[in-house]
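Predicted model and sequence below, questions to follow.
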Number of protein chains: 2
Amino acid sequence: MKISIIGVGLIGGSMALKLREKGIASFIYGIDYNKQHINDALDLKIIDAEASLEEGIKNSDLIIIAIPVDAARKLLPTVLNLVSGHQTVMDAGSTKAGIVGAVTNHPKRSRFVAFHPMWGTENSGPKSAIAESFSGKAGVICNKEESADDALNIVEKVVNALDMHMIYMNAEDHDIHTAYISHISHITSYALANTVLEKEREEETIFQLASSGFSSTVRLAKSHPEMWVPIFKQNKENVLDVLNEHITQLRKFKSALEKENFEYLEELISNANKIRGILDK
Amino acid sequence: MKISIIGVGLIGGSMALKLREKGIASFIYGIDYNKQHINDALDLKIIDAEASLEEGIKNSDLIIIAIPVDAARKLLPTVLNLVSGHQTVMDAGSTKAGIVGAVTNHPKRSRFVAFHPMWGTENSGPKSAIAESFSGKAGVICNKEESADDALNIVEKVVNALDMHMIYMNAEDHDIHTAYISHISHITSYALANTVLEKEREEETIFQLASSGFSSTVRLAKSHPEMWVPIFKQNKENVLDVLNEHITQLRKFKSALEKENFEYLEELISNANKIRGILDK
């Protein structure tokens, strides 16, 4: 099948690599206003050719939108205007209610499948793309009843080819869950980086002392604002809700320390340890 | 050289494996009240024999204390009472002012070298020990002027054998820096786990959706309270100081979101991104 990837960055590039490897993609068009990304993607054989939006869509069976969520929401109606009844459009964004809401009444709504692969790294651009990235992670399809059966079948084939386990979810529920599972992790990581940068003025000391634990906790703080500001914007209410809870939880640690209530501190830590049983199932 | 390891857990076990591999250790005694750990360490050839505290110390050139920091501070004077002028004692704890302060006036203070390897994982026990763990990380020696030259030489030889880069630091400075670089990461990770466990009652959903980013940020939340409560206790003031700063930083994200000040949000994230330049030097 011929595929257009709109946004040949980390996610679009990784999908392209894997779909070609699995024989799903016979030809891949890359659509990106960033010429450097197009050139890198051509060099790395992530895409076969550059295309304009119109040209790419005209020649493709499947169109994958993999750009920041605000741009994706804006672009999707235009893409749907250009497709016919046998073409499929999917996205890969980290928020779903916004993009689904933008096309609820679009006459070609059923050609679109709302998708979110639960994988990413702190890096961006086609040079960071990895074919094996998605394996074993969750691939979430939202509001599947709003998509045509044949479009849904194609996206399910893609999700299987990416070696992801499929989950179906309502877009609103998806945005609540990802606020807890993904978006808040980025905020804590950003805030931790800012804390250390504020308190530890000697950069050399941070570099010298940085342990594996610190590097791991602060890894996500390297993620770009171009991608994350739109996510926080679109998922504002849910993110604020969980951020308030997180500050409450941190205050419990603060209070336990201030009052030297070490039994309470142990209780807080033991409770947090439960995450092991859930993640290491 | 003959070595006694007091506490054959993750750290003591990993040091034992590497020191044997490098030919530094000719015979290793394991001292631990946890019989399961002793048996596991014997099975895994981490130690050659179990010993009592007195017996192990009597027969060793180097005694490594690798137990939780409160227990280490309590035990160190006893260990120093038992050593002679040609034996060396080192610890491996994550706080340094407490243990150094506990023996300032001990007649055999100079036989002790205060040490902290900046490595650890969320796991514990000898079964989690890995020989290569310390490579490339910082090995911090504190208050070296309080140690005898020959004792210092032996510990420096150990740090080199662990393939760590050596840093010398005052114990008070060490505790300030580790509050920023290591201890706060654990608190944010614990609080994040508690946030998710509080808000996301459906454990199955956490497990299903957990992305690589979430797993990485929450990894440290699996660390045991037996090790971490004593660290927070001993480094209370520094940890509180950085925890307050961290809550302040999180409130900035909250305020930017609440006020929909997305330029400020972008500024906060761009500032956090600077951590990449420091960590990836």
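That came through fine. Numbers count the residues shown, from 1 in each chain, chains lettered A, B, ... in the order given.

Quick check: phi and psi at A:Ala114.
phi -80, psi 120 (degrees, to the nearest 10).

That one and A:Ser128: what is the separation?
A:Ala114 sits at a distance of 24 Å from A:Ser128 (criterion: CB to CB, to the nearest Å). The C-beta positions use only the backbone N, C-alpha and C, and glycine is treated the same way.

More neighbours: these two, which one.
Counted by other CB atoms under 10 Å in any protein chain shown, A:Ala114 and A:Ser128 do not tie: A:Ala114 has more neighbours, with 26 against 17.

can you pull the contacts of the more buried one?
Each residue near A:Ala114 by CB atoms under 8 Å, 6 or more residues apart in numbering or on different chains is listed here: A:Met90, A:Asp91, A:Lys96, A:Ile99, A:Val100, A:Ile141, A:Cys142, A:Asn143, A:Ser147, A:Ala171.

again, but for A:Val155
The contact partners of A:Val155, by CB under 8 Å, 6+ apart, come to A:Thr88, A:Met90, A:Val113, A:Phe115, A:Ile141, A:Ser147.

Averaged pLDDT, the helix or strand hosting it. What do you get?
Taking DSSP states H and E as the definition, A:Val155 sits inside helix A:149-161. Confidence for helix A:149-161, expressed as mean pLDDT, is 98.

Kindly report the same for stretch A:210-219.
Stretch A:210-219 comes out at a mean pLDDT of 76.

Please save the CA atoms from that stretch in PDB.
Extracted in PDB, the C-alpha atoms of stretch A:210-219 (Å, rounded to 0.1, in the frame of the first residue of the first chain):
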ATOM      1  CA  ALA A 210      24.700  13.000  37.600                       C
ATOM      2  CA  SER A 211      23.800   9.400  38.600                       C
ATOM      3  CA  SER A 212      21.800   7.000  36.500                       C
ATOM      4  CA  GLY A 213      18.800   7.700  38.700                       C
ATOM      5  CA  PHE A 214      18.900  11.400  38.000                       C
ATOM      6  CA  SER A 215      19.400  11.000  34.300                       C
ATOM      7  CA  SER A 216      16.400   8.600  34.100                       C
ATOM      8  CA  THR A 217      14.100  10.900  36.000                       C
ATOM      9  CA  VAL A 218      15.100  14.000  34.100                       C
ATOM     10  CA  ARG A 219      15.300  12.400  30.700                       C
END
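
which residues sit against it?
A:122, A:189, A:192-193, A:196, B:118-121, B:137-138, B:181-182, B:185-186, B:188-189, B:213, B:216-217, B:219-220, B:275, B:279.

so how far is it off the chain centroid?
22 Å (CA atoms, centre = their mean, to the nearest Å).

picking up where we left off before, helix or strand next in line after the helix holding A:Val155, which one?
With elements assigned by DSSP H and E, the helix or strand that comes after helix A:149-161 is strand A:165-169.

Give me the mean pLDDT for that next one.
Averaging pLDDT along strand A:165-169 yields 94.

Could you do stretch A:121-140 as well?
Per-residue pLDDT over stretch A:121-140 has a mean of 90.

tell me which parts of the stretch 1-150 of chain A are close to chain B?
A:Met118, A:Trp119, A:Gly120, A:Thr121, A:Glu122, A:Lys137, A:Ala138, A:Val140 (CB under 8 Å from any CB of the partner chain).

Sitting in helices, which of those residues do you find?
Of the residues of the stretch 1-150 of chain A next to chain B, none are assigned to helices by DSSP state H.

Farthest pair within those?
A:Glu122 and A:Val140 (21.0 Å; CB to CB).

Comparing those two, which shows the higher neighbour count?
A:Val140 (25 against 20).

Enumerate the beta-bridge partners assigned to that one.
A:His116, A:Ile167 (DSSP bridges).

roughly how far apart are it and B:His86?
The value you get for A:Val140 to B:His86, if CB to CB is used, is 65 Å.

Can you show me the helices along chain A?
Using DSSP H, helices in chain A cover A:10-21, A:35-43, A:53-58, A:69-82, A:97-102, A:149-161, A:171-178, A:184-199, A:203-209, A:212-218, A:225-234, A:236-258, A:262-279.

and the gap between A:Glu51 and A:Asp32?
That one is not Glu; residue A:51 is Ala. Distance of A:Ala51 to A:Asp32, computed by CB to CB: 10 Å.

on that earlier part again, out of the helices of chain A, the one nearest B:Pro77 is which?
Nearest to B:Pro77 among those is helix A:262-279; the distance by CB to CB comes to 22.6 Å.

A:Ala25 and chain B, how far apart?
Per CB to the nearest CB, to the nearest Å, A:Ala25 is found 24 Å from chain B.

Repeat that for A:Thr205.
Taking CB to the nearest CB, one finds A:Thr205 at 6 Å from chain B.

Neighbours of A:Thr78, how many?
11.

List the contacts of it.
Each residue near A:Thr78 by CB under 8 Å, 6+ apart is listed here: A:Leu53.

Let me know how buried the residue in the stretch 1-150 of chain A positioned nearest to chain B is, in neighbour terms.
The minimum distance from the stretch 1-150 of chain A to chain B, using CB to the nearest CB, falls at A:Met118 (4.2 Å). Residues lying near A:Met118 (other CB under 10 Å) number 24.

Distance of it relative to B:Ser223?
Look at A:Met118 and B:Ser223: by CB to CB, they are 24 Å apart.

same deal with A:Ile31?
Separation of A:Ile31 from B:Ser223 (CB to CB) stands at 45 Å.

what do you get for A:Ile38?
45 Å.

Of the two, which one has the most company?
More neighbours surround B:Ser223 than the other of A:Ile38 and B:Ser223, with 23 against 20 (other CB under 10 Å).

ok, that one touching B:Ser128?
No: using CB atoms under 8 Å, B:Ser223 is not in contact with B:Ser128; the gap is 11.5 Å.

which secondary element of chain A has the worst mean pLDDT?
For chain A, counting by mean pLDDT, DSSP states H and E, helix A:203-209 ranks last in confidence among helices and strands (a mean of 73).

how does chain A divide into domains?
A:2-169, A:174-279 (automatic domain parsing).

Could you tell me the end-to-end distance of the shortest one?
The one in question is domain A:174-279. Domain A:174-279 has an end-to-end distance of 19 Å (CA to CA, to the nearest Å).

and that domain, how far from the chain's centre?
With CA atoms, centre = their mean, you get 19 Å for domain A:174-279.

Stretch A:268-281 too?
Centroid displacement of stretch A:268-281 relative to its chain, using CA atoms, centre = their mean, is 25 Å.

was I right about A:Pro230 contacting A:Ser94?
No: here A:Pro230 does not reach A:Ser94: they are 9.0 Å apart, not a contact under CB under 8 Å.

ok, the two, which is more surrounded?
Comparing A:Pro230 with A:Ser94 by other CB under 10 Å, the one with more neighbours is A:Ser94, at 25 against 22.

And for the more buried one, nearest residue in space, chain neighbours not counted?
Leaving aside its sequence neighbours, A:Ser94 sits nearest to A:Ile231 (CB to CB, 6 or more residues apart in numbering or on different chains; 5.0 Å).

Pull the number of nearby residues for that neighbour.
24.

Which pLDDT value does the model give the residue of the stretch 1-150 of chain A closest to chain B?
Per the predicted model, pLDDT is 90 at A:Met118.

residues in contact with it?
Shown in contact with A:Met118 (CB under 8 Å, 6+ apart): A:Lys137, A:Ala138, A:Gly139, A:Val140, A:Met164, A:Ile181, A:Ser182, B:Leu209, B:Ala210, B:Ser211.

didn't A:Phe253 look like it was pressed against A:Leu268?
Yes: in this structure, A:Phe253 is within contact of A:Leu268 by CB under 8 Å, at 6.1 Å.

what stretches of chain A score poorly on pLDDT?
A:200-203, A:211-212, A:281 (pLDDT under 70).

Any idea which residue is closest to the centre of it?
A:Ser94 (4.2 Å; CA atoms, centre = their mean).

Next one: that one from A:Ala66, what distance?
In this structure, A:Ser94 and A:Ala66 are 11 Å apart, going by CB to CB.
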